[in-house]
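**Q** Here is the input, now give the coordinates:
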Amino acid sequence: MKSLTSLWSCIANEMAIRCCTSATFDIKTVERRTEHEGLSFLAITLAGFGKATQKWLDQGFVAPSDVPGFSRTPGRRTGLPAFLQGFLGRVFDPCSGVLLEHPDIEAIFALRQLTLMFSKIALPEDTSNGYPQGRGGRKVVSAPRERLAMLEFLQCEQEIKLGDNTLDPLFLEDFERVSSVLYGEYFDWLESNLANRVLIPKHGPGTVADRLSSNGKYDQHVWTTRLQAVFPSEAFLSANANFADRTHQKVTFCETALTYCKSARVDRVDLLEPGAEVPVRVISVPKTLKTPRIIAIEPACMQYTQQALLRLMVDGLKRFYPLSSMIGIDDQDPNRVMAMKGSLDGSLATLDLSEASDRVSNQHVLSLFSSHPLLLGAVQATRSRKADVPGHGVIRLAKFASMGSALCFPIEAMVFLTLIFLGIERELSTSFENEKDIESFSSQVRVFGDDLLVPRDYVLSVVGELETFGYRVNTSKSYWTGGFRESCGREYYNGLDVSIVKVRKVLPTRRQDATGVISAISLRNQLYWAGIWKGADWMDKYIGTLLAEFPNVAPSSPVLGRESALGYQFQKLDPYTHSPLVKGYYVHAKPPRDHLEGAGALLKCLMRLEVKDPQVPVNVANVDAEHLERSGRPESVNIKLGWRPPY
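**A** Next up is the predicted model:
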């Protein structure tokens, strides 16, 4: 913890100079409490203070009761906590605690940086709390927190079922009507492409519920009868018709899919009946030190076809206006621009939903696609109906899908956008009849996952509509009254960016800790570009004790080095290309061995060479020559010393 508190002290002194105050008392407080409370003080208690500060900015006054772990200054009548009082006093009135008419933006940035910089830190390999770290630096959630997360997952399922049973059918009718106005032409286009089988599936590098290797997914011989009705296996599992075996064997409920997943190659495709389908595997991964994140690992056949639908949906969203301006899939910048505008003029509110993915009921999805049966059938065929929850066995799912499904993100965005316009309708006491009514809000409404932007004038009605359908608005991260806004990882106050740099890992103590070194260098460069110069200089000295070579490089360089506005340095020229070279450490990671041959190899090669424009030639040089021998995510990451380009 000493290196973390030293870094915090350095940044605190730098922020104090910029804000014309002193951080001496604050540094002593952090050192004392970290010594007694450990990492939990930095990652949980201090982060709680930061979240309270954001709440105070939004509501316009300080409520010391929000931070019970921090006392006021003894013998002084003040409305501020004693901790970080020098910074708080430049934002809030010291006596009343009311937000100043012109608060110091530098002090706001300092408060957020000093309190929230450790809120996303990973667990160290050996801590006093007994939370271990997994193989290869993978973060592991503590057993008590994981059990609690699984219980909350089950409780969420019960709440979804209760909400489905108690929701007034008239609300669902309104939901269907608004969704048909929003997505009518878009869904027509999707159905047309589905009917013509314009689908390109895809396998990802991640794990699957049936535990196939990365290349092994291309040799899969397990399909489901639900998928077969919409996505025929002979069209999706074979390179061409010559390899398709049209004789299928159905698997009964008493036979498990695991037997077929572990078996050697077979010549036929085994069609699983619904009762024998492989359930999604529910796991928890760290989100913060306090709360883990629940995700679900999908079976290979589901993930494969979900990717095909996802590609079609994303392509369609870009074709239809105003949907293209209101739903974000791969671009967060429009959300950030709108959040900045909302913080400047107060016209837009930012909303954040708790457990957003896990609370999307499948009943809402059925209503969303109710007027397009072919599309509805495809979406439902690729949805896993059961989940294997650790400690609780296999359960039937009421939610549409958890994080891990390729369709979770776009479909939840469609559901939330529908509810936003349903809320706007209620506030206006009118009904949207066509796209013209929708277009007038195209610059005021945007959804990116669970990050929502809505007009402030309708925010209460939208919040009410979301909660009526069973969603929880995270009021501690939703803003519409003050000058603070947050969306897609960026924060703004009165139109100015007050986003901060966060420490993701405990600082390494030896060069062999490759992931730690990589994270530390990334932290150093983020501090530099954020203008925290002394913090970056402290990191330079710290990293210099670990690495023999730490040169100045460009952000695009493969070398792990210092990024600088002054440019890169080089030490010699390549004898063959005469291009600059610099000596430094670079990341070395090889995919695990995973041999693939035969029909599966042909299928993978054809899918890798798939291009949208047939007139564009394939660049064979960019195709990995070893992808049939090695594939998947590397089991370990190393750093090596060598000569590489500095740009």
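**Q** Read off the pLDDT value for the closest residue to Asp497 other than its chain neighbours.
**A** Distances taken as CB to CB, 6 or more residues apart in numbering place Arg490 nearest to Asp497, at 6.7 Å, with adjacent residues excluded. Every C-beta, even on glycine, is put in place using the N, C-alpha and C of the backbone. We have a pLDDT of 93 for Arg490.
**Q** The residue lying closest to Met414 once chain neighbours are set aside: neighbour count?
**A** With CB to CB, 6+ apart as the criterion, Met414 has its nearest non-adjacent residue at 6.1 Å, and that residue is Leu368. Residues near Leu368, counting by other CB atoms under 10 Å, number 26.
**Q** what sits against Leu368?
**A** Listed by CB atoms under 8 Å, 6 or more residues apart in numbering, the contact set of Leu368 reads Phe175, Glu176, Ser179, Tyr183, Ile411, Met414, Val415, Thr418.
**Q** what's the next secondary structure element after the helix or strand harbouring the fifth one?
**A** Going back to what we said before, that points to Ile411. Element membership for Ile411, per DSSP states H and E: helix 408-428. Remark: after helix 408-428, the chain's next helix or strand is helix 435-439, criterion DSSP H and E.
**Q** Beyond the lowest-mean-pLDDT helix or strand in the chain, next helix or strand please.
**A** Across the helices and strands of the chain, mean confidence by mean pLDDT, DSSP states H and E is lowest for helix 257-262: a mean of 34. Next helix or strand after helix 257-262 toward the C-terminus (DSSP H and E): strand 269-272.
**Q** Following the chain onward from that next one, which element is next?
**A** Using DSSP H and E, the next helix or strand after strand 269-272 towards the C-terminus is strand 280-286.
**Q** Could I get the buried residue list for stretch 275-287?
**A** Residues of stretch 275-287 classed as buried: Ala276, Glu277, Val278, Pro279, Val280, Arg281, Val282, Ile283, Ser284, Pro286 (neighbour count, 16 or more other CB atoms under 10 Å).
**Q** By pLDDT, rank these and give me the bottom one.
**A** Pro286 (75).
**Q** so that one sits right up against Arg145, yeah?
**A** No: counting by CB atoms under 8 Å, Arg145 is not a contact partner of Pro286; they are 9.0 Å apart.
**Q** Show me whatever sits in contact with both of those two.
**A** Here Pro286 and Arg145 have Pro292 as joint contacts, going by CB under 8 Å, 6+ apart.
**Q** picking up where we left off before, can you tell me how far the residue nearest to Asp497 is from Arg147?
**A** Counting by CB to CB, to the nearest Å, the gap from Arg490 to Arg147 is 34 Å.
**Q** repeat for Ser370
**A** Ser370 is 38 Å from Arg147, where distance means CB to CB.
**Q** pLDDT below threshold where in the stretch 251-400 of the chain?
**A** By pLDDT under 70, the low-scoring segments of the stretch 251-400 of the chain are 251-267.
**Q** Please enumerate the strands of it.
**A** Secondary structure of the stretch 251-400 of the chain (DSSP state E, counting those that start in this stretch): strands located at 269-272, 280-286, 292-297, 348-354, 386-389, 393-396.
**Q** Looking at these, spot the one closest to Asn525.
**A** Ranking those by distance to Asn525, with CB to CB as the measure, places strand 280-286 first at 23.2 Å.
**Q** ok and the closest one relative to strand 292-297, angle-wise?
**A** 150 degrees (axes from the mean of the first three to the mean of the last three CA atoms, to 10 degrees).
**Q** Tell me which other helices or strands strand 280-286 touches.
**A** Where contact means 3 or more CB pairs under 8 Å, 6 or more residues apart in numbering; DSSP states H and E, strand 280-286 is packed against helix 143-166, strand 292-297, strand 386-389.
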